[in-house]
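J.: sequence first, predicted coordinates after that:
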There are 2 protein chains.
Amino acid sequence: MRVKLTVAYDGTGYQGWQIQQKGVTIQGKMEKALSRICSTNIRVHGSGRTDAGVHALGQVAHFDPPLPYRKVPWNRALNALLPSSIRVLDCAEADKEFHARFSARGKQYSYTLWTSGVSLHPQRRHFVWNTGPLDQESMQNAAHCLLGSRDFSSFMNKGTEIRDTVRTIQHICILPGLTPRETVVLIRASGFLKQMARNIVSALVQVGQKKISSRSLETVLRKRDRRLAPATAPARGLCLDFVQY
Amino acid sequence: MRVKLTVAYDGTGYQGWQIQQKGVTIQGKMEKALSRICSTNIRVHGSGRTDAGVHALGQVAHFDPPLPYRKVPWNRALNALLPSSIRVLDCAEADKEFHARFSARGKQYSYTLWTSGVSLHPQRRHFVWNTGPLDQESMQNAAHCLLGSRDFSSFMNKGTEIRDTVRTIQHICILPGLTPRETVVLIRASGFLKQMARNIVSALVQVGQKKISSRSLETVLRKRDRRLAPATAPARGLCLDFVQY
């Protein structure tokens, strides 16, 4: 039996999703809670890593409970043991073939920018990148040129061994955020290379700040050279909205 | 010379605005920063206390800088020393007669409720009270009966010596929150008794949950007996929006 979990978390203070040698991780917290419930070591498989400080509203993970624990109401059982910064929103029985990572057909990330001239509200400091005002029309135009199947090498950081650097962006747009002072960059794609979402946002912000043109963004994409693209945007603005299967 | 500061803070983890014998407070942090800048002990006067865990977007405070420090850009100087959970949004020279507390003519608080059947998103846990779905029309009707000048003894907790328990609510309404899953109770009044905002919200939530009727809320108000009203709502949903002078 396989169980599929939908998990939300406030990534502040975590060393990201994936278990590390040092530091507290979301996967680590979940495995600890599950292993305690099942009285045996349980491995949890996520749809992918999220970096330290990145949040999630719809991370997906799966695990295989031992036979005697098939009927546990996993969301309630896990939420009772997990810290309040991690919540299991949903649990469901999945096919034996289901795999949180390999069955994923796409993901949506949203990145929140503090685009007001007003000082960043401290209540939002762990959830936004404070860029100040941006020309959102230029950003929307630049975003448009990233649509479709492209080689996103220029927007991939090193650290993972990957051969195919082509991904398909199905949807990318600039939206009003939770408050009138915030703006959201929403990206839905077949998959994301390492820090691809944060690197794309960072480039779009430079367009919005008139530091680079929409056309030079296209050139950067075409050259497939990470050194040409702007630095990676901070983790705290990023949120994994959902995973598509 | 007197300086008026507008201050925003994430109240999570603080023992409220006012300096306490034990624990970290916002006033304490501000006095420490100001005293460091001015190389002498500086007292800061706020418009009023906020409880432990309560937030602010527009708390107002004043202080008198010593003569040699008249021209300091206080917002930048303070923000450089304060933790990121406290931000000085604005500073301005005020009349010598201005007093953050005694000159205040009114205040607005907003209280955010998580009114969705969906599990509370962990990113919002320090800023909302999770009540689940509420009948907002009943709440709006009940709120209406609190308008105007009333004796709010039933909604005042003990702990301060106050003779006049009449306050004037100028505006009280139920609004959509930052996300479709949240609802805001907004209260503007000439002043607030101890925990009055949280006690009113708690009563309105009971109306929204059909535990008490709008009519019995009126009775509670009329009886001027704290024991008749529901318990105090949690601090974390409350935010001091602004102070009127």
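T.: Received, thanks.

J.: surely residue A:118 is in contact with residue A:179?
T.: No: judged on C-beta atoms under 8 Å, residue A:118 makes no contact with residue A:179 at a distance of 10.3 Å. (Glycine included, C-beta is placed from N, CA and C.)

J.: can you check the pLDDT for the closest residue in space to residue A:132 that isn't next to it in sequence?
T.: Excluding its sequence neighbours, the residue lying closest to residue A:132 (C-beta to C-beta, 6 or more residues apart in numbering or on different chains) is residue A:117, at 6.2 Å. pLDDT, residue A:117: 90.

J.: what does residue A:70 give?
T.: Each residue has a pLDDT score; the one for residue A:70 is 85.

J.: residues touching the residue lying closest to it once chain neighbours are set aside, list them.
T.: In space, residue A:70 comes closest to residue A:1 once its chain neighbours are excluded; the distance is 5.5 Å by C-beta to C-beta, 6+ apart. Residue A:1 is in contact with A:64-65, A:67, A:70, A:93, A:96, counting by C-beta atoms under 8 Å, 6 or more residues apart in numbering or on different chains.

J.: got a PyMOL select line for the buried ones in these?
T.: Buried residues within those, by 16 or more other C-beta atoms under 10 Å in any protein chain shown, are selected in PyMOL with:
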select buried, chain A and resi 65
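
J.: mind putting the contacts of residue A:1 into CSV with secondary structure?
T.: What follows is these, written out as CSV (DSSP: H, G, I helix; E, B strand; the rest coil):
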residue, secondary structure
A:64, coil
A:65, coil
A:67, helix
A:70, coil
A:93, strand
A:96, coil
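
J.: and the least confident of the contacts of residue A:1?
T.: Among the contacts of residue A:1, residue A:70 has the lowest pLDDT, at 85.

J.: dihedrals phi and psi, it?
T.: Dihedral pair for residue A:70: phi -70, psi -30, per degrees, to the nearest 10.

J.: and it, how far from chain B?
T.: As judged by C-beta to the nearest C-beta, to the nearest Å, residue A:70 and chain B stand 23 Å apart.

J.: which bits of chain A sit near chain B?
T.: By C-beta under 8 Å from any C-beta of the partner chain, the residues of chain A that approach chain B are A:8-10, A:55, A:57, A:75, A:79, A:84-89, A:118-123, A:125, A:127, A:178-179, A:239.

J.: now, which of these lie within strands?
T.: A:8-9, A:55, A:57, A:86-89, A:239 (DSSP state E).

J.: quick one: residue A:58 and residue A:242 touch, right?
T.: Yes: when contacts are counted by C-beta under 8 Å, residue A:58 is listed as touching residue A:242 (3.6 Å).

J.: mutual contacts of those two, please.
T.: Counting by C-beta under 8 Å, 6+ apart, nothing touches both residue A:58 and residue A:242.

J.: what's around the residue nearest to residue A:132, how many residues?
T.: Residues near residue A:117, counting by other C-beta atoms under 10 Å in any protein chain shown, number 8.

J.: same thing with the one 5 residues further on?
T.: The local packing count at residue A:122 equals 23, with neighbours defined by other C-beta under 10 Å.

J.: give me every residue that touches it.
T.: Counting by C-beta under 8 Å, 6+ apart, residue A:122 has contacts B:8-10, B:84-87.

J.: possible to save those as TSV with distance to residue B:231?
T.: Formatted as TSV, those follow (distance: C-beta to C-beta, whole Å):
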residue	distance to residue B:231
B:8	28
B:9	25
B:10	25
B:84	33
B:85	28
B:86	29
B:87	32
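
J.: quick one: which of those has the most company?
T.: residue B:9 (27 neighbours).

J.: I figured it hits residue B:87, correct?
T.: Yes: counting by C-beta under 8 Å, residue B:9 touches residue B:87, with 7.2 Å between them.

J.: secondary structure element for residue A:52?
T.: Using DSSP states H and E, residue A:52 falls within no helix or strand.

J.: circling back: how about the contacts of residue A:1 in TSV, adding distance to residue A:185?
T.: Listed next are these as TSV, based on distance: C-beta to C-beta, whole Å:
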residue	distance to residue A:185
A:64	36
A:65	38
A:67	45
A:70	42
A:93	35
A:96	37
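
J.: what helices or strands is the worst-scoring helix or strand of chain A on mean pLDDT leaning on?
T.: Least confident helix or strand of chain A, by mean pLDDT, DSSP states H and E, is helix A:214-223 with a mean of 91. Under the contact criterion of 3 or more C-beta pairs under 8 Å, 6 or more residues apart in numbering or on different chains; DSSP states H and E, helix A:214-223 touches helix A:136-144, helix A:196-208.

J.: do that again at 10 Å, thanks
T.: On a contact count with 3 or more C-beta pairs under 10 Å, 6 or more residues apart in numbering or on different chains; DSSP states H and E, helix A:214-223 meets helix A:136-144, strand A:148-151, helix A:196-208.

J.: please save the CA atoms from the shortest one in CSV.
T.: In other words, strand A:148-151. Output of strand A:148-151 as CSV, limited to C-alpha atoms (Å, rounded to 0.1, in the frame of the first residue of the first chain):
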residue,chain,number,x,y,z
GLY,A,148,7.2,26.9,-24.3
SER,A,149,9.9,24.2,-24.5
ARG,A,150,13.3,25.7,-24.0
ASP,A,151,16.8,24.8,-22.9
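
J.: got the contact list for that strand?
T.: The contact list for strand A:148-151 (C-beta atoms under 10 Å, 6 or more residues apart in numbering or on different chains) reads A:164-170, A:189-190, A:193, A:221-222, A:224.

J.: closest one to chain B out of those, please.
T.: The closest of those to chain B turns out to be residue A:189 (C-beta to the nearest C-beta; 22.3 Å).

J.: right, and the closest one touches residue A:168 too?
T.: Yes: using C-beta atoms under 10 Å, residue A:189 is in contact with residue A:168, at 6.1 Å.

J.: alright, calling it a day.
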